[in-house]
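# sequence and predicted structure, then a few things I'm wondering about:
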Amino acid sequence: MIDARADVVPRTLAAKVLVVEDEAPLAELLRYNLEAAGFTVFHAENGEEAELLVAEEKPDLVLLDWMLPTVSGIEICRRLRGRNDTRQLPIIMLTARGEEGDRVRGLATGADDYVVKPFSLPELMARVMAILRRAAPERVAEVLVSGDITLDRAAHRVTRSGREVRLGPTEYRLLEYLMQSPGRVLSRSQLLDGVWGRDAYVDERTVDVHVGRLRKALIRGKENDPIRTVRGAGYVFGERKSGMMVEGDA
Ligand code: CA
């Protein structure tokens, strides 16, 4: 399935990521999180679509499932590596856990990296960012800005009104995730997936605890709270809009 939605939103500087994955729910999860991180996402369900999209859209990175219906991911990887224009194209292979693991280690040498399903989303996103920083640094947003808050991914540094905000690693990732989707309500389970990973043994109250710590670190004196609690829904980062049901700063 070729989705044209990405063409509607102009993201001239955003890196393009091609997701080649035949499992629709996983493809959707990847699209959601990659788009939230600011990337333009194309999706192919099989090798033929993938090769077409590589030629047409010239992606900066390919997330390539190994087990695909007709042409395998390994074969696609080999073909891309065999062509001059895609020899250097960064490829991350997605592989199934189990007996394929060791074979893939040997076979997938053409890929830049690989992750084993079920994978941790934060881990995958970190690898995507690491590879893009090397391959297409001009296409990766290194600094996120919202009002007086700045998050510098390269320096791993957060400032508010010029002063440094000291955050633990979880609060940093939480803020980064929130700043990637300003104005969008993120449920506790979306935050768990995106910040802690699906396999993490944490419950949704953990999200509240870390949001509380993040607020405490961000707010000095009369500064406004950049994180809003949306009753029954989750959290939203950014400017307060009228007409929206919000709780206090609890
Ligand atoms: Ca598959």
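Nice, I can see it.

# alpha carbons only for contacts and neighbour counts from here, please
Noted.

# I'd like to know how far the closest residue to the ion within the chain sits from Ala96.
Closest to the ion within the chain is Met67: 4.2 Å, counting by CA to the ion. Distance check for Met67 against Ala96: by CA to CA, to the nearest Å, it reads 8 Å.

# thought Thr95 was touching the residue of the chain closest to the ion, still the case?
Yes - applying CA atoms under 8 Å, one finds Met67 in contact with Thr95, separated by 7.3 Å.

# more crowded one of the two?
Thr95 (22 against 18; other CA atoms under 10 Å).

# identify the residues contacting the helix or strand that contains that one?
Here Thr95 sits within strand 91-96, counting by DSSP states H and E. With contacts defined as CA atoms under 8 Å, 6 or more residues apart in numbering, strand 91-96 is touched by 61-67, 73, 77, 101, 104, 108, 111-118, 128.

# quick one, what contacts Lys145?
I think there's a mix-up here, since residue 145 is Val and not Lys. By CA under 8 Å, 6+ apart, the contact set of Val145 is 151, 179.

# what pLDDT does Ala111 get?
On pLDDT, Ala111 comes in at 88.

# doesn't Cys77 make contact with it?
Yes - applying CA under 8 Å, one finds Ala111 in contact with Cys77, separated by 6.9 Å.

# more crowded one of the two?
Taking neighbours as other CA under 10 Å, Ala111 and Cys77 compare with Cys77 leading, 25 against 22.

# what about the more buried one, distance to Glu123?
Taking CA to CA as the measure, Cys77 falls 22 Å from Glu123.

# try Val116
When CA to CA is the yardstick, Val116 and Glu123 sit 11 Å from each other.

# check Arg153 too.
Distance, Arg153 to Glu123, using CA to CA: 15 Å.

# domain map for the chain?
6-138, 141-237 (automatic domain parsing).

# weakest of these in terms of mean pLDDT?
Among the domains of the chain, domain 6-138 scores lowest, at a mean of 85.

# now do the SS call for Gly38.
Of the three states, Gly38 takes coil under DSSP: H, G, I helix; E, B strand; the rest coil.

# hmm, I was thinking of Val236
Using three-state DSSP, the structure places Val236 in strand.

# what sits closest to it if chain neighbours are left out?
Closest residue to Val236 apart from its sequence neighbours, by CA to CA, 6 or more residues apart in numbering: Val185 at 4.5 Å.

# would you confirm that that neighbour contacts Gly238?
No - at 10.2 Å, Val185 does not count as touching Gly238 under the criterion of CA under 8 Å.

# close to the ion: what parts of the chain are there?
Neighbours of the ion within the chain, by CA under 5 Å from the ion: 67-68.
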